[in-house]
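pasting the structure only:
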């Protein structure tokens, strides 16, 4: 039985919210505060807003690349109807929910933890191998997720001082734009009338 909009929003909240619970619990066990580098800062906020543009540009280009066209079709098929049923405030909520919770876990907890034993480069690589594996829908999707994670991990330290706000905003705004695009593509395909 397919999910309806309310069930989809509820499950997304439970799943993504669970990532923060995992980050806090693991952080307690590993003596890492996953929120330690989260600092409100206007420069990091601006970088975060602008930093989503390269990822979104690649998302738009994926429509025209044979290697990634199947991924876009899969997203439209699996998520398009659910996202198209959501209002703009709900899409904003979903984008910021996913961007915030995933970054707290991967860049707030896992990357600093792995840096302890593997150094900055090892922490960046290994945390994003995990990120890629947990985004395994297809091998190409996992590869793209891993590369996006590397970008987000590098942006954690952009500007000279580590700030989790930057990758959170990049991830959240990218997800929001991608969700809007997938919902729009679904509506255009299955409800081609005026909107």
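Here it is on my side, so go on. Only a predicted model underlies this, so the values are computations on that prediction, with no experimental measurement involved.

all contacts plus neighbour counts: C-alpha atoms, from now on.
Fine.

counting contacts, what elements does the helix or strand bottoming out on mean pLDDT in the chain pack onto?
Every helix and strand of the chain was ranked by mean pLDDT, DSSP states H and E. The lowest is helix 66-84, at a mean of 87. Applying 3 or more Cα pairs under 8 Å, 6 or more residues apart in numbering; DSSP states H and E, one finds that helix 66-84 contacts helix 5-30, helix 139-155, helix 165-190.

rerun that using 10 Å as the cut-off
helix 5-30, helix 42-61, helix 88-103, helix 139-155, helix 165-190 (3 or more Cα pairs under 10 Å, 6 or more residues apart in numbering; DSSP states H and E).

Please identify the buried residues of that helix?
For helix 66-84, the neighbour count (16 or more other Cα atoms under 10 Å) marks 68, 70-73, 75-76, 79-84 as buried.

where in this protein is pLDDT low?
Filtered on pLDDT under 70, the chain yields the residue ranges 1, 192-195.

Tell me the buried residues in stretch 140-153?
Here stretch 140-153 shows 141-153 as buried, counting by 16+ other Cα under 10 Å.

do stretch 4-12 as well
Neighbour counts over stretch 4-12 (16+ other Cα under 10 Å) mark 5, 8-9 as buried.

Tabulate those (JSON lines), appending distance to residue 57.
Listed next are the buried residues of stretch 4-12 as JSON lines, based on distance: Cα to Cα, whole Å:
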{"residue": "5", "distance to residue 57": "28"}
{"residue": "8", "distance to residue 57": "27"}
{"residue": "9", "distance to residue 57": "27"}
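
For residue 54, which residues are in contact?
Contacts for residue 54 (Cα atoms under 10 Å, 6 or more residues apart in numbering) come out as 60, 148, 151, 170, 174.

now, among those residues, which is nearest to residue 104?
Nearest to residue 104 among the contacts of residue 54: residue 170, at 12.9 Å, using Cα to Cα.

The closest one contacts residue 55, correct?
Yes - at 8.5 Å, residue 170 and residue 55 qualify as touching, with contact defined as Cα atoms under 10 Å.

which of those two has more neighbours?
residue 170 (30 against 19; other Cα atoms under 10 Å).

From residue 98, how far out is the nearest residue to residue 185 once chain neighbours are set aside?
Nearest residue to residue 185 in three dimensions, chain neighbours excluded: residue 76, at 6.9 Å (Cα to Cα, 6 or more residues apart in numbering). Distance, residue 76 to residue 98, by Cα to Cα, to the nearest Å: 18 Å.
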